[in-house]
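1. Just a sequence and a predicted model for now, questions to come.
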Amino acid sequence: MIIKPKIWNNICVTAHPLGCHAQVRSQINYIKAKGKVEGPKKTVIIGASNGYGLAARIVSTFSLGSATMGVAYEHAPKERRPATAGWYNTESFKVEAQKEGYPVWNVNGDAFSEEIKTEVVELIKEKLGQVDFLVYSIAAPRRIDPITGEIYASAIKPIGEKFTAKTVDFLTGKVSHVTAQPATEKEIVQTIKVMGGEDWFLWTKRLFQENLIKSGFLTIAFSYVGPEFTKAIYRDGTIGRAKEDLESKADEINRLIASVNGKAIISVNKALVTRASAVIPAVPLYIALLYKVMKEKHLHEGCIQQMRRLYHDVLFTGKDPKLDSKGRIRMDDWEIRKDVQQAVSDLWKIVETKNLDNIEDLGDIKGLREEFLRHHGFGMPGVDYNQDVELDIF
Ligand code: NAI
């Protein structure tokens, strides 16, 4: 089958198996060229198939030499429908890591469920004994409560007042207005249930109760703060409440695992185009302008560069990581630099005040589009996209 990108409203519904394999390989090659660091050797990654979780898994394996167990919720190929990008990514990762002798286990299913937690627990008992590192990197639209069976859906909305801003379709560069109505109390609660820290806590608690946590264990989850432009929809909105909840859970986890000398930490990461961030109103426009500025200043990083810096320069240096006043690692330090934010603000004002209907030249729409497509295996050098390809190449 010949597979082309099919994108609507910044969501891509196809993925290319050979392209996904090529992009996983290119992230691996980048990390292999950066040398090794000493760190945990038995790692579990929840949300391992895309974006930050996939990058963390690659760095765990190829920088630390860790065995990895990766949990993700992806679809295998079916008849004439390609698999999701994450499915191809995890299978590609497995092939590449095993080639070099690294132990790899993939678990595909709903990480919020008791069944998947039990499957992982049994696999750890059988294959690893105990773990010393847990990376929690889920971005999900919904969650089924494991106890009550209730379904919660996350809503990306402002709180209190409606939010109107410009946004961009990065396929065309076309600018339009978006308005998001304020969230109801129920939507706030539901978003916290899905994207807050409860499930991170439950995972750690389960591993702790089953005695699967090694002394000196570390767990990390990813948060975001962001700039003034997106504050009403992000940090002051429903998703921001969820991130506050996630951040507060680090303290609870720290109390839980203190007896095994364990540590939970939050890393505030940089804004990047991933499947998750592409659908947040106004965020693609901000990212298009941010990429332009950060590339000009030679500060741009993708997921893999952020994770390399996190592991090599912050987490596993032999020294305590530098934290902000709230105890968080700030991997968004370059994004929030004054000169970077000032330059983005200048561009933002142009978009706001001039009647531009396309910002192809003003922002890095091309870079954004290319990166988004690469997340789905498109636009990779060396892949012939006009060739028929098997949907299941693994
Ligand atoms: P992504 O969409 O690229 O990856 C999400 C991962 O979660 C995938 O592996 C997917 O399979 C997995 N997943 C979703 N639902 C699941 C479920 N029910 N069970 C098991 N796995 C499930 O997302 P991205 O952007 O890498 O986000 C990861 C984390 O990083 C999120 O907490 C996000 O808020 C945070 N973050 C993202 C930033 C960005 O700009 N992309 C910036 C700062 C933090």
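-> Arrived safely.
2. and Thr167, that one's in a strand?
-> Yes - Thr167 forms part of a strand when assessed by DSSP: H, G, I helix; E, B strand; the rest coil.
3. Name whatever forms a beta bridge with it.
-> With DSSP bridges applied, the residues forming beta bridges to Thr167 are Ser176.
4. what about it, how many neighbours?
-> With neighbours defined by other Cβ atoms under 10 Å, the count for Thr167 comes to 20. From N, CA and C alone the C-beta is placed, and that goes for glycine too.
5. Now the protein against the ligand: closest residue?
-> For the chain, the residue closest to the ligand is Gly51, as judged by Cβ to the nearest ligand atom, at 2.2 Å.
6. Show me what the strand ranked longest in the chain packs onto, helices and strands only.
-> Looking only at the chain and at elements set by DSSP state E, the strand with the highest residue count is strand 213-223. Of the remaining helices and strands, those touching strand 213-223 by 3 or more Cβ pairs under 8 Å, 6 or more residues apart in numbering; DSSP states H and E are strand 131-136, helix 198-209, helix 238-256, strand 263-268.
7. ranking those by burial, who's on top?
-> When you average the neighbours per residue for each of the helices and strands packed on strand 213-223 (mean count of other Cβ atoms under 10 Å), strand 131-136 leads with a mean of 25.
8. which strands and helices sit next to it?
-> Using 3+ Cβ pairs under 8 Å, 6+ apart as the contact criterion, the elements in contact with strand 131-136 are strand 42-46, helix 51-62, helix 198-209, strand 213-223.
9. Now do the second one against strand 213-223, angle only.
-> Translated: helix 51-62. What separates the directions of helix 51-62 and strand 213-223 is an angle of 140 degrees, with axes from the mean of the first three to the mean of the last three Cα atoms, to 10 degrees.
10. report the angle between the axes of helix 51-62 and strand 42-46?
-> Using the same axes, to 10 degrees, the inter-axis angle of helix 51-62 relative to strand 42-46 is 170 degrees.
11. swap in the third one?
-> Counting by the same axes, to 10 degrees, helix 198-209 lies at 150 degrees to strand 42-46.
12. any residues touching helix 198-209, and which ones?
-> Applying Cβ atoms under 8 Å, 6 or more residues apart in numbering, the external contacts of helix 198-209 come out as 44, 46, 111-112, 117, 121, 124, 131, 134, 136, 138, 143, 146, 213, 219, 221, 245-246, 249, 252-253, 256-257, 260, 262, 264.
13. Just the CA coordinates for that helix, please, in CSV.
-> What follows is helix 198-209 as a C-alpha-only set of coordinates in CSV (Å, rounded to 0.1, in the frame of the first residue of the first chain):
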residue,chain,number,x,y,z
GLU,A,198,-3.2,10.4,40.3
ASP,A,199,-2.1,7.7,37.9
TRP,A,200,1.6,8.5,38.3
PHE,A,201,1.1,8.1,42.1
LEU,A,202,-0.8,4.8,41.5
TRP,A,203,1.9,3.3,39.4
THR,A,204,4.6,4.2,41.9
LYS,A,205,2.5,2.9,44.8
ARG,A,206,1.8,-0.4,43.0
LEU,A,207,5.5,-0.9,42.3
PHE,A,208,6.4,0.0,45.9
GLN,A,209,3.7,-2.3,47.4
